[in-house]
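1. pasting the structure only:
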């Protein structure tokens with residue numbers, strides 16, 4: 001039995017952002033170990049530590065005064081490692097205004113009070129589909145970048161997912177989840193890959209929404225071009241979000257109708 005780990009990061013969770021993004025990459029523990037070793041070799045060669053895509057794109061902090069040639073070289077090397085070692089990657093996004101207008105009332109407690117919870121769950125759904133096809137017998141663990149606001153809700157979602165996976169394992173044969181944790185990018189190197197994915201997806205969504213390119217657009221285009229073979233970016237339009245909400249609520253009503261009257265949906 002193999003062991004699979006999914007590493008998550010976010011973008012757009014700050015108040016000023018109009019779009020919320022969750023991004024993740026999934027691979028086996030063995031491949032992540034090789035990824036860690038390869039990544040640290042690039043760090044030593046290029047003289048940086050703890051890669052942050054926002055700082056890199058802005059030429060600030062440890063990336064200050066890097067010329068375009070070096071930036072292209074480093075980005076090519078890092079994205080190449082992601083493609084080589086990751087089995088799959090997903091990003092999901094939603095416009096906060098649309099989410100706040102469509103997902104309201106008690107249903108919001110189910111979908112996610114925080115925008116990031118919602119898009120993280122959508123990514124998890126895509127990972128689940130991938131896993132059933134490619135790694136049904138593997139154990140799986142989720143690793144999230146350390147966060148403040150919304151962490152408690154992620155914990156609740158994961159507790160329910162863990163309990164659900166244990167129940168389903170008895171009938172589907174798919175191994176249950178083994179757990180989750182919140183870690184630091186500086187320690188858990190694959191989170192830096194998720195950081196690149198989240199930043200890239202956020203920039204692409206901002207351009208799609210506003211129709212305007214930024215001065216760092218070449219970085220966005222280059223990163224996505226390098227990653228797209230294994231990185232899928234998804235986005236909910238308002239109409240799509242409305243249809244999703246209606247379908248989910250109808251499904252929940254159907255589940256409730258089949259339960260004993262004393263049962264409670266969690």
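-> Cool, the structure landed. From a predicted model like this one, the values you see are computed outputs, not experimental measurements. Numbering: from 1, shown residues only.
2. count of neighbours near residue 168?
-> Using other CB atoms under 10 Å, residue 168 is surrounded by 12 other residues. (C-beta placed from N, C-alpha, C; glycine too.)
3. Wasn't it part of a helix?
-> Yes: counting by DSSP: H, G, I helix; E, B strand; the rest coil, residue 168 is located in a helix.
4. Just the helices from the stretch 1-150 of the chain, written as ranges.
-> For the stretch 1-150 of the chain, the helices defined by DSSP state H, counting those that start in this stretch occupy 29-46, 53-57, 68-85, 96-102, 107-111, 115-134.
5. and if you look at the stretch 151-266 of the chain?
-> 151-172, 190-210, 217-227, 238-258.
6. pLDDT below threshold where in the stretch 51-200 of the chain?
-> Flagging of the stretch 51-200 of the chain using pLDDT under 70 yields the residue ranges 148-149.
7. correct me, but residue 21 touches residue 91?
-> Yes: look at residue 21 against residue 91 with CB atoms under 8 Å: they come within range, at 6.0 Å.
8. and for those two, which residues touch both?
-> When contacts are counted by CB atoms under 8 Å, 6 or more residues apart in numbering, residue 21 and residue 91 are jointly contacted by 198, 201.
9. Select, out of the helices of the stretch 1-150 of the chain, the one closest to residue 252.
-> helix 107-111 (7.1 Å; CB to CB).
10. Name the residues that touch the closest one?
-> With CB under 8 Å, 6+ apart as the test, helix 107-111 has contacts from 103, 118, 245, 248, 249, 252.
11. Run through the bridge partners of the closest residue to residue 6 other than its chain neighbours.
-> Sequence neighbours aside, residue 26 is the residue nearest to residue 6 in space, at 4.6 Å (criterion: CB to CB, 6 or more residues apart in numbering). Beta-bridge pairing of residue 26 under DSSP bridges involves residue 6, residue 88.
12. and the helices of the stretch 151-266 of the chain, which is most packed in?
-> Of all the helices of the stretch 151-266 of the chain, helix 190-210 carries the top mean neighbour count, a mean of 23, counting by mean count of other CB atoms under 10 Å.
13. and the residue nearest to residue 185 when sequence neighbours are not counted, how far is that from residue 198?
-> Of all residues not flanking residue 185 in the chain, residue 191 sits nearest, at 4.4 Å (CB to CB, 6+ apart). Distance of residue 191 to residue 198, given as CB to CB, to the nearest Å: 10 Å.
14. residues shared between the contacts of those two?
-> Residues touching both residue 191 and residue 198 by CB under 8 Å, 6+ apart: residue 9.
15. List the buried residues in stretch 95-111.
-> For stretch 95-111, burial by neighbour count (16 or more other CB atoms under 10 Å) applies to 95, 98, 99, 102, 103, 108, 111.
16. Report the contact partners of the second one.
-> Meaning residue 98. 236, 237, 238, 241.
17. Number of residues surrounding the residue nearest to the first one when sequence neighbours are not counted?
-> Distances taken as CB to CB, 6+ apart put residue 94 closest to residue 236, at 4.7 Å, once the chain neighbours are dropped. Here the number of neighbours of residue 94 (other CB under 10 Å) works out to 30.
18. Any idea what residue 94 is bridged to?
-> The partner residues for residue 94, given DSSP bridges, come to residue 20, residue 236.
19. Residue 38 touches residue 85, doesn't it?
-> Yes: using CB under 8 Å, residue 38 is in contact with residue 85, at 7.1 Å.
20. So these two - more neighbours on which side?
-> More crowded of residue 38 and residue 85, by other CB under 10 Å: residue 85, with 23 against 17.
21. how close does the more buried one get to residue 215?
-> Distance of residue 85 to residue 215, computed by CB to CB: 31 Å.
22. likewise residue 179?
-> As for residue 179, its distance to residue 215 is 42 Å (criterion: CB to CB).
23. ok, these two, which is more surrounded?
-> residue 179 (12 against 8).
24. Any idea what the more buried one is bridged to?
-> Assessed by DSSP bridges, residue 179 has beta-bridge partners residue 141.
25. Show the contacting residues for it.
-> 141, 142, 158, 162.
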